[in-house]
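> sequence unknown, structure follows:
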């Protein structure tokens, strides 16, 4: 499949059609070719309880995510994420705009179940934290299943498991052994010097051991909700009304963004742009919307000039995808610059993961890269019931 050709499907074949609608012989031929490409086998993993973003991640949260490209294989129960077979093609790296338009065309043509008892999202996440002695970096991982029930009065669930922590690299393992190979780490009340660690409550003991699964009922505003859009939970009925045209979706999102603006932020073009990008990423990264709405979100992202193509990359689970992203310099709320990367599957327009990476200083003058990531394993409708663990609320 050629990304330049797919981008031209949008520019040439689709200009006269409503956003999200695929027509014309060129579009149909290309999209048939996309759907005929065989997926590779993907690995499965699990992860830990989520406790919120680190300071540098929080500063980037409304701006960033690393998107990894997956092929979603539809089964009778749920779509499972598997990486598309891919290998770098020297000299053929597409622009971010062409990549996003290709993903939009593929997303709008995707054959996905449009209903089920639950909207299921399974993610594997990781957070890199500096050890209390600042000698090395540890990575904490967790897995989460979110089962959002569509039926009136049905119960939604979140199932989590902490997969433990261990030194990140061989250099970190050597420093960890020199420190006595600890199996837990206790942090002081003031954790601000420990980039990545403020994802945990003060004085928390971070343990290396894996914990058992735990399930919790989603209550309050989560009842009857299909997810979050512009940082607010929305009902299934509201999600059904999200427009699928590019211009209409932009106007709809900007209206929501203006409604939640505080302190005059609605007058800041930079803030509004970041908020619009964040809203589009909420849609791309798993809201239960139609393929045409997801395609419209991609087309809005394609209009953002700061997006740069990063070529072929691997996600944290080792899966290949086409990446794009941008760099953020130091600023209010973040002392260090950080890198945002998105990876998408041009064959399906569906996400694999998102991440934020920055560089920190350790003891003895050493520097290290630390990352906060979320990789998507399952995303879609299912009529299956959640397998609830013994530990639950």
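In hand now; what should we look at? Model, not experiment: these values are computed from the prediction.

> rest of the way, CA atoms for contacts and neighbours
Fine.

> would you list every one of the helices in the stretch 201-350 of the chain?
Remark: helices assigned in the stretch 201-350 of the chain by DSSP state H, counting those that start in this stretch are 236-240, 246-260, 269-284, 291-301.

> what about the ones you listed, which gets the closest to residue 97?
helix 291-301 (8.1 Å; Cα to Cα).

> So what would you say the end-to-end distance of stretch 298-318 is?
End-to-end distance for stretch 298-318, by Cα to Cα, to the nearest Å: 24 Å.

> my bad, stretch 328-345
24 Å.

> quick one: average confidence on that stretch?
Average pLDDT, stretch 328-345: 80.

> Buried ones in that stretch, by neighbour count?
334, 338, 339, 340, 341, 342, 343, 344, 345 (16 or more other Cα atoms under 10 Å).

> Now that we have these, can you turn them into JSON lines and tack on distance to residue 256?
Shown next, in JSON lines, are these (distance: Cα to Cα, whole Å):
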{"residue": "334", "distance to residue 256": "26"}
{"residue": "338", "distance to residue 256": "28"}
{"residue": "339", "distance to residue 256": "27"}
{"residue": "340", "distance to residue 256": "24"}
{"residue": "341", "distance to residue 256": "26"}
{"residue": "342", "distance to residue 256": "24"}
{"residue": "343", "distance to residue 256": "27"}
{"residue": "344", "distance to residue 256": "26"}
{"residue": "345", "distance to residue 256": "29"}
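
> and of those residues, the nearest to residue 297?
For these, the residue nearest residue 297 by Cα to Cα is residue 344; the value is 13.2 Å.

> Tell me the backbone dihedrals of residue 150, please.
phi -90, psi -30 (degrees, to the nearest 10).

> Was I right to think it contacts residue 157?
No. Counting by Cα atoms under 8 Å, residue 150 stays clear of residue 157, with 11.8 Å between them.

> Spit out the residues that contact the two alike.
Common contact partners of residue 150 and residue 157 (Cα atoms under 8 Å, 6 or more residues apart in numbering): none.

> tell me the SS of the nearest residue to residue 353 once chain neighbours are set aside?
Take residue 353 and drop its neighbours on the chain: the residue closest to it by Cα to Cα, 6 or more residues apart in numbering is residue 375, 3.7 Å away. Here residue 375 takes the strand state, with states given by DSSP: H, G, I helix; E, B strand; the rest coil.

> Can you give me the pLDDT of residue 375?
pLDDT, residue 375: 95.

> The one 3 residues further on now?
Residue 378 carries a pLDDT score of 90 in this model.

> Tell me where the model's unsure across the stretch 1-150 of the chain.
Low-confidence segments of the stretch 1-150 of the chain (pLDDT under 70): 1-94.

> follow-up on the earlier one: might one say that the residue nearest to residue 353 is in contact with residue 314?
No. Between residue 375 and residue 314 there is no contact under Cα under 8 Å: 11.2 Å.

> Between the two, tell me which one has more neighbours.
residue 375 (26 against 16; other Cα atoms under 10 Å).
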